[in-house]
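Novice: generate a structure from the sequence data that follows.
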Amino acid sequence: MPKNSFYITTTIPYVNADPHIGFALELVQSDAIARYQRLIGREVFFSTGTDEYGQKIWEASQKQGKPVQEYVDHYAQVFLDLTKSLNLSVDNFIRTTSKEHIEAAQKFWRLCDTRGDIYKKKYQGLYCVGCEKFIVEKDLIDGKCAFHPTLTPEMVEEENYFFRLGKYKEELLEYLNGEKAIIPEWRRKEAIDFVENAIEDFSVSRSKERLTWGVPIPDDDTQVMYVWFGAFVNYISTLGWPNQKEKFEKFWTQGETVQTAGKDMVKFQSVMWQGMLMSAGIKTTDIVVYHGFVTGEGGIRMSKSLGNVINPNDIVKEYGTDALRYFLLREISSFEDSPFTMERFKEAYNSGLANGLGNLVSRILTMAENYGVAFMAPDAETVFPIENFNIKEYADKIWAKIADADKKIQETEPYKLFKFDPSGAKKIITELTHELYQVALALQPLLPETAKKMIELIKNSKKPEKPLFLRKE
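Specialist: Alright, predicted model coming up:
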């Protein structure tokens, strides 16, 4: 039996640019998982938020000529608005500049320091501002960072604090060899390979001479926390750690914990963060689910640094929230890279929603209303499971049901049968209405507003006054 409480969190994006479709994917996937878990009766806590410290945020604020706090306040609101635009069922929106988070990050630092896992040393290396981390020559492509090809890494030498990640090599391997520490499986193997062959201590602070915008290091006013170390703590500070013990115990210590992240985060989320939790004496994350990248034309990765991103708010304004959610949850792989183009989006919208789901709702409920077929609740309301967090597979099962119902209408033609066998036609329409109701129930985690409209229409045996999804030419 699964634990009754379920905690899920997204990564938290840097607030150095407007939201893009890649992060919208992570948000919507996480929301679908959270809604599904609530649907099957579990108590859920769903968190997202913003990462507001770091060098590139400081630099972005200076380019705009704004005080950095004013800058991050603006973008935090932009991302908070996105949670509403995407109709996310979030329970908390965490900001790393909040007083509560800063106190939690400093408490976490002290716990690791008490274990002897934080030490100071001089370090020289290539530093990528985009990644907010030191990188090595093998990470470069034509002298540029593989993830930030528009940025040239700089050689930096300074004295920083380091975290003894290597100390936890064996514990990390034991954790990663667990049944479902990482989904999908190939990302788990990637994490194991990193721990076996490339694990090393990592820098957890930056000199204030180079960066002043960060969480202050306890008892050392010459350094601030490395953005990754301080930001990681949001996954537990959002639950009120260390002060709100009851909530933290319920959802983290005793509940099932799930984190979602992009495929480039494996080393960070499943190795560095888990090592930090081990050091602090806190339970490791049960499962980290990694999605692929949303790519543009020609399979080129969408990213803020490349300037080829699509703003999800623009899609919502023209097509509606559930249309975007549909594409991200069914047309984008749950784990692999997938392309997003407006041509592909429009084609999927018309075939899957306007001509598919929307047309089926109209056909069945028009017959129910015209032929006086009153809705009778089925004996059991069933929703098939989302298995291994594969949301696309779950969505495909729903659309297979939609296709089956459409085929049944074509084969039985109840609108013709009604002329000479009204009772037989009504029986078929009743069956179709029940099938449509089960589709609506299953759609609740994916398209919550559409599912709500469908359930209301079905229960009242009323056809929609206008199409649920207008076809786009």
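Novice: using CSV, write down the CA coordinates of stretch 381-394.
Specialist: Output of stretch 381-394 as CSV, limited to C-alpha atoms (Å, rounded to 0.1, in the frame of the first residue of the first chain):
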residue,chain,number,x,y,z
GLU,A,381,-16.1,5.1,-11.1
THR,A,382,-12.7,3.9,-12.3
VAL,A,383,-9.6,5.7,-13.3
PHE,A,384,-6.7,3.7,-14.7
PRO,A,385,-3.4,4.3,-13.1
ILE,A,386,-0.5,6.6,-14.2
GLU,A,387,2.2,3.9,-14.2
ASN,A,388,5.9,4.9,-13.5
PHE,A,389,5.0,8.6,-13.9
ASN,A,390,4.5,8.0,-17.7
ILE,A,391,1.9,10.7,-18.3
LYS,A,392,1.9,10.5,-22.1
GLU,A,393,1.1,6.8,-21.8
TYR,A,394,-1.8,7.6,-19.5
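Novice: distance from the chain centre to that stretch, please.
Specialist: 17 Å (Cα atoms, centre = their mean, to the nearest Å).
Novice: contacts for it, please.
Specialist: 29, 32-33, 36, 39-40, 183-184, 258, 287, 289, 329-330, 332-335, 397, 438, 441-442, 444-446 (Cβ atoms under 8 Å, 6 or more residues apart in numbering). The way it works is simple: take the backbone N, C-alpha and C, and place the C-beta from them, glycine included.
Novice: stretch 279-288 too?
Specialist: Contacts of stretch 279-288 (Cβ under 8 Å, 6+ apart): 108, 111-112, 115, 117, 163-164, 167-168, 175, 180-183, 235-236, 252-253, 256-261, 269-270, 273-274, 277-278, 389.
Novice: which stretches of the stretch 51-200 of the chain form helices?
Specialist: 55-63, 68-85, 99-114, 169-176, 185-197 (DSSP state H, counting those that start in this stretch).
Novice: which stretches of the stretch 101-250 of the chain have low pLDDT?
Specialist: Within the stretch 101-250 of the chain, the segments meeting pLDDT under 70 span 132.
Novice: re the thing from before, apply the buried test to the contacts of stretch 381-394 and list what passes.
Specialist: 29, 32-33, 36, 183-184, 258, 287, 289, 329-330, 332-335, 438, 441-442, 444-446 (16 or more other Cβ atoms under 10 Å).
Novice: burial measure for Lys169, as a count.
Specialist: Lys169 is flanked by 15 other residues according to other Cβ atoms under 10 Å.
Novice: once you drop chain neighbours, what's closest to it?
Specialist: Ile199 (5.5 Å; Cβ to Cβ, 6 or more residues apart in numbering).
Novice: that neighbour: what's it in contact with?
Specialist: Leu165, Gly166, Lys169, Leu172, Val271.
Novice: and Ala354, by the same measure?
Specialist: Pro467, Phe469, Leu470, Arg471, Lys472.
Novice: what's the answer for Ile332, then?
Specialist: Contacts here follow Cβ under 8 Å, 6+ apart; on that basis Ile332 touches Leu25, Val294, Ser338, Phe340, Lys392.
Novice: now do the SS call for the last one.
Specialist: When you say that, I think you mean Lys392. When classified by DSSP: H, G, I helix; E, B strand; the rest coil, Lys392 comes out as helix.
Novice: Glu343 is in what secondary structure piece?
Specialist: Following DSSP states H and E, one finds Glu343 within helix 342-348.
Novice: buried residues, that helix. List them.
Specialist: Phe345, Lys346, Ala348.
Novice: element containing Ala395, please.
Specialist: Assigned by DSSP H and E, Ala395 falls in helix 391-412.
Novice: tell me the mean pLDDT for that helix?
Specialist: The pLDDT scores in helix 391-412 average 98.
Novice: contacts for the helix or strand that comes right after it, please.
Specialist: Note on helix 391-412: by DSSP H and E, the next helix or strand toward the C-terminus is helix 414-417. By Cβ under 8 Å, 6+ apart, the surrounding residues in contact with helix 414-417 are Met367, Gly424, Ala425, Lys426, Ile428, Ile429, Leu432.
Novice: hmm, try it at 10 Å
Specialist: With Cβ atoms under 10 Å, 6 or more residues apart in numbering as the test, helix 414-417 has contacts from 363-364, 366-367, 370-371, 373, 408-409, 421-432.
Novice: what angle sits between the next helix or strand after that helix and helix 391-412?
Specialist: Downstream of helix 414-417, the next assigned helix or strand under DSSP H and E is helix 422-443. Interaxial angle of helix 422-443 relative to helix 391-412 (axes from the mean of the first three to the mean of the last three Cα atoms, to 10 degrees): 170 degrees.
Novice: and the gap between the residue sitting furthest away from the middle of the chain and Glu413?
Specialist: Relative to the centre of the chain, the most outlying C-alpha is that of Phe420, 53.0 Å out, by Cα atoms, centre = their mean. Taking Cβ to Cβ, to the nearest Å as the measure, Phe420 falls 12 Å from Glu413.
Novice: what about the helices in the stretch 251-400 of the chain?
Specialist: Using DSSP H, counting those that start in this stretch, the helices of the stretch 251-400 of the chain run over residues 266-267, 273-280, 312-319, 321-326, 342-348, 359-370, 391-412.
Novice: would you list the ones you listed in CSV and tack on distance to Met454?
Specialist: Conversion of the helices of the stretch 251-400 of the chain to CSV gives the following (distance: least, Cβ to Cβ, whole Å):
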stretch, distance to Met454
helix 266-267, 38
helix 273-280, 40
helix 312-319, 18
helix 321-326, 11
helix 342-348, 19
helix 359-370, 6
helix 391-412, 11
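Novice: which one of the ones you listed lies closest to His74?
Specialist: Closest approach to His74 among those (Cβ to Cβ): helix 312-319, 15.1 Å.
Novice: now the contacts of Ile332 as CSV including distance to Asp18 and neighbour count?
Specialist: Shown next, in CSV, are those (distance: Cβ to Cβ, whole Å; neighbours: other Cβ atoms under 10 Å):
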residue, distance to Asp18, neighbour count
Leu25, 15, 26
Val294, 15, 25
Ser338, 21, 20
Phe340, 16, 23
Lys392, 26, 18
